[in-house]
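Q: Here's my sequence, what's the structure:
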Amino acid sequence: MAEETPQDLEDLLDELSGVAKRCGDKVSVREVYCAVGERSFGPLLLVAGLLGMTPVSAVPGAPTVLALITILIAGQLLFGRSTLWLPRRLLDLSVGADKLEKTVKIARKPARFVDRVVRPRLTFLTGRLADRVVAGVCILVACAVPPLEFLPFMAFVPATAIAAFGLGIVARDGLLILVAFGASAGTLSLLGRQLLF
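A: Numbers count the residues shown, from 1 in each chain. So this is what the prediction gives:
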């Protein structure tokens, strides 16, 4: 396992790029997990959210799989586990290394901007108790993904919220956590409208 968790978005992209280059044709969830570390709840939420915002999510069923991964990660954070456990079947799931590398390249420029803006602030929103609240909201948002997947581009909205929560945890940025709460409210409102109409 990695000894240090990524400290910002560019660190995380460096880890993902390294995994894509080392792994040949396919990159498994296990290899990403090993790269970012077993204590990396925030980075793994961020990865799940980012993948949901990229062409990877265009693969039928991929947003739902990412939502299930989010629920597994957030559920363990909610119940206070110090290390993350993932089932073997999930660890063996893979994505094309070229798709992951392409995603990383697309994300590089925005990542530099985000890393300049994101910083530790309102840190009372990033402590242990706050992380559990975040985990609970991530689970709610992830549960909204399967029905939204049937609507074009709608799975992007919950993925944005999950990515923002993950980055907020990594950077200890409470302001970003507040933004993520707003995106989560938008996701649940969108789901409510779809169910009603």
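
Q: And what about the spatially closest residue to Ala163 that is not a sequence neighbour, helix, strand or coil?
A: Distance criterion Cβ to Cβ, 6 or more residues apart in numbering; nearest residue to Ala163, sequence neighbours excluded, is Gly49 at 2.7 Å. Every C-beta, even on glycine, is put in place using the N, C-alpha and C of the backbone. Put simply, Gly49 is helix when judged by DSSP: H, G, I helix; E, B strand; the rest coil.

Q: how close does Gly49 get to Arg88?
A: Gly49 is 24 Å from Arg88, where distance means Cβ to Cβ, to the nearest Å.

Q: Quick check on those two: which one has the bigger neighbour count.
A: Comparing Gly49 with Arg88 by neighbour count (other Cβ atoms under 10 Å), the higher total belongs to Gly49, at 25 against 7.

Q: quick one: the more buried one from Arg193, how far?
A: 22 Å.

Q: Give me the pLDDT for the closest residue to Val134 other than its chain neighbours.
A: Leaving aside its sequence neighbours, Val134 sits nearest to Phe165 (Cβ to Cβ, 6+ apart; 5.2 Å). pLDDT for Phe165: 93.

Q: What strand or helix carries Phe165?
A: Secondary structure assignment for Phe165, by DSSP states H and E: helix 156-171.

Q: can you give me the helices in the chain?
A: Counting by DSSP state H, the chain has helices at residues 9-22, 29-36, 41-52, 62-78, 88-91, 97-117, 128-143, 145-148, 156-171, 174-196.

Q: Would you mind giving the orientation angle of the second one with respect to helix 97-117?
A: Using axes from the mean of the first three to the mean of the last three Cα atoms, to 10 degrees, the interaxial angle of helix 29-36 with respect to helix 97-117 works out to 30 degrees.

Q: which parts of the helix holding Phe165 are buried?
A: Across helix 156-171, burial judged by 16 or more other Cβ atoms under 10 Å covers 157-171.

Q: for stretch 147-164, how far is the first residue from the last?
A: 21 Å (Cα to Cα, to the nearest Å).

Q: just stretch 17-32 next, same as before
A: With Cα to Cα as the measure, stretch 17-32 spans 10 Å from end to end.
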